[in-house]
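Undergrad: fold the following for me, if possible:
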Amino acid sequence: MMFWYGNGMNGWGWFAMSAGMVLFWGLLITAVVLVFRALDRAAGPPARRGSAVPEQILGERLARGEIDEAEYRRLLGTLRSGEP
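TA: Model prediction:
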């Protein structure tokens, strides 16, 4: 009697072995995906570049009512001319 199986493994043995293999590979793939997501998240969002970002912020401030139209035009002119 070798490994308590006698002449061979019955149906439940094959089922348990198959389910164990599927579970093992599923856990391994899930762990790899989670590690890659964690590493990607650690890098952070990409930085924005370009001159449109300050103008967009200025437009949002005008839309929220934080500044009036005259101040918007003055600040927009300052942004586009490059003067402090």
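Undergrad: so how far is the strand or helix carrying Phe15 off the chain centroid?
TA: In the assignment (DSSP states H and E), Phe15 maps to helix 11-43. Put simply, helix 11-43 sits 20 Å off its chain's centre (C-alpha atoms, centre = their mean, to the nearest Å).
Undergrad: give the next helix or strand downstream of it.
TA: helix 52-64.
Undergrad: so which other helices or strands are in contact with that following helix?
TA: Here helix 52-64 touches helix 69-81, going by 3 or more C-beta pairs under 8 Å, 6 or more residues apart in numbering; DSSP states H and E. Bear in mind the C-beta positions are built from the backbone N, C-alpha and C, glycine included.
Undergrad: to what extent is Asp68 buried, counted in neighbours?
TA: Neighbour count of Asp68, defined by other C-beta atoms under 10 Å: 10.
Undergrad: ok, for it, nearest residue in space, not its chain neighbours?
TA: Distances taken as C-beta to C-beta, 6 or more residues apart in numbering place Leu62 nearest to Asp68, at 7.9 Å, with adjacent residues excluded.
Undergrad: give the full set of residues in contact with the one you found.
TA: Applying C-beta atoms under 8 Å, 6 or more residues apart in numbering, we find Leu62 in contact with 68-69, 72.
Undergrad: just Ile67 next, same as before
TA: 58, 61, 75.
Undergrad: can I get those residues in JSON lines including neighbour count, distance to Val32 and pLDDT?
TA: Output for the contacts of Ile67, formatted as JSON lines (neighbours: other C-beta atoms under 10 Å; distance: C-beta to C-beta, whole Å; pLDDT from 0 to 100):
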{"residue": "Leu58", "neighbour count": "19", "distance to Val32": "45", "pLDDT": "91"}
{"residue": "Arg61", "neighbour count": "14", "distance to Val32": "45", "pLDDT": "92"}
{"residue": "Leu75", "neighbour count": "16", "distance to Val32": "49", "pLDDT": "91"}
